[in-house]
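Undergrad: no sequence for this one, just the structure:
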């Protein structure tokens, strides 16, 4: 297929067209992805997550510069938050990171989350696969900043960078119940703040308490001031260290768990899309909804009926 050959050769326009088709879940685009997938698996995928305003985009801009100085080729995927009702983009930000827009070795693409609250959308694994097939050595995925619930990235990325700030204060404690377990590296951004040292010690203490295996990777805490490009090279170095760590210790079980999580993520999103269409357009659920409104059936029993019919079990 000529289209596949163009993408494997790094054709940006062909890749952009395919990514738009994957975002729309067009059957022909998904078929093309099937032919590209055997050419993937070479890129190191880095997830960058954290609360809104933590400085993720500025940090990524610095990382691009650091990796380009090493001669690395990069794919950058930016996720914009969307309405969970209309799935339309709320911010629609497509103008970030223009510093690297003219660099032919940096491919920047932006997509919407389509209402997904876990930080990713159904199209994201496919778009990342296209960048991988293009030959990008490092692919950085910036999630929307959903905070504690933004954990889907762990199924896709090899290295997860969590960006926090000293001003988070007591909110940092909430990390223990959410994204702390997904972090491979913490970037303590805005570390020129007066509370930076306190935040640094708190993070290190939390990591030590959560560490279950002495032989496992212990997430480092890197102090950064992204707007002044401070700490960026150290962050890039730790990403490289984690990559080498994975190459040494990654077991078949870890790979299997990673693939299982990725498959579950895609199945969940496909099922939710089907369910939304079914409940909004299919009249066969009308009587069931009426029975719920009349309190003749509870919502759990109703959900079980829908699930059994959709899965034919």
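TA: Yep, that arrived. Worth saying up front: this structure is predicted, and the values here are computed from it rather than measured.

Undergrad: show me where pLDDT drops low in this structure?
TA: For the chain, the stretches flagged by pLDDT under 70 are 1-2, 81-98, 113-119, 145-150, 168-180, 211-215, 250-251, 253, 281-283, 313.

Undergrad: select the longest helix from it.
TA: helix 252-281 (DSSP state H).

Undergrad: which secondary structure elements does the helix or strand just after that one contact?
TA: Sequence order places helix 286-293 as the next helix or strand after helix 252-281, per DSSP states H and E. Applying 3 or more Cβ pairs under 8 Å, 6 or more residues apart in numbering; DSSP states H and E, one finds that helix 286-293 contacts helix 299-311. Using the backbone N, CA and C atoms, a C-beta is placed for each residue, glycine as well.

Undergrad: counting by contacts, list what the helix it packs on packs against.
TA: Packed next to helix 299-311, using 3+ Cβ pairs under 8 Å, 6+ apart, are helix 252-281, helix 286-293.

Undergrad: so can I have TSV of the ones you listed showing mean neighbour count and distance to residue 69?
TA: Formatted as TSV, those follow (neighbours: other Cβ atoms under 10 Å; distance: least, Cβ to Cβ, whole Å):
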stretch	mean neighbour count	distance to residue 69
helix 252-281	13	30
helix 286-293	12	59
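
Undergrad: nearest to residue 203, of the ones you listed?
TA: Evaluated with Cβ to Cβ, the helices and strands packed on helix 299-311 place helix 252-281 nearest to residue 203, the distance being 24.7 Å.

Undergrad: helices and strands around that closest one, which ones?
TA: Under the contact criterion of 3+ Cβ pairs under 8 Å, 6+ apart, helix 252-281 touches helix 124-133, helix 299-311.

Undergrad: residues contacting stretch 252-265, please?
TA: Stretch 252-265 is contacted by residues 118, 120, 125, 152, 154-156 when judged by Cβ atoms under 8 Å, 6 or more residues apart in numbering.

Undergrad: that older thread, redo the helices and strands packed on helix 252-281 as CSV? Include mean neighbour count.
TA: Output for these, formatted as CSV (neighbours: other Cβ atoms under 10 Å):
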stretch, mean neighbour count
helix 124-133, 23
helix 299-311, 12
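
Undergrad: of all those, which one is nearest residue 107?
TA: Nearest to residue 107, of all the helices and strands packed on helix 252-281, is helix 124-133, at 6.3 Å by Cβ to Cβ.

Undergrad: packing partners of the closest one?
TA: helix 2-8, helix 12-23, helix 27-36, strand 74-80, strand 106-112, strand 138-142, helix 252-281.
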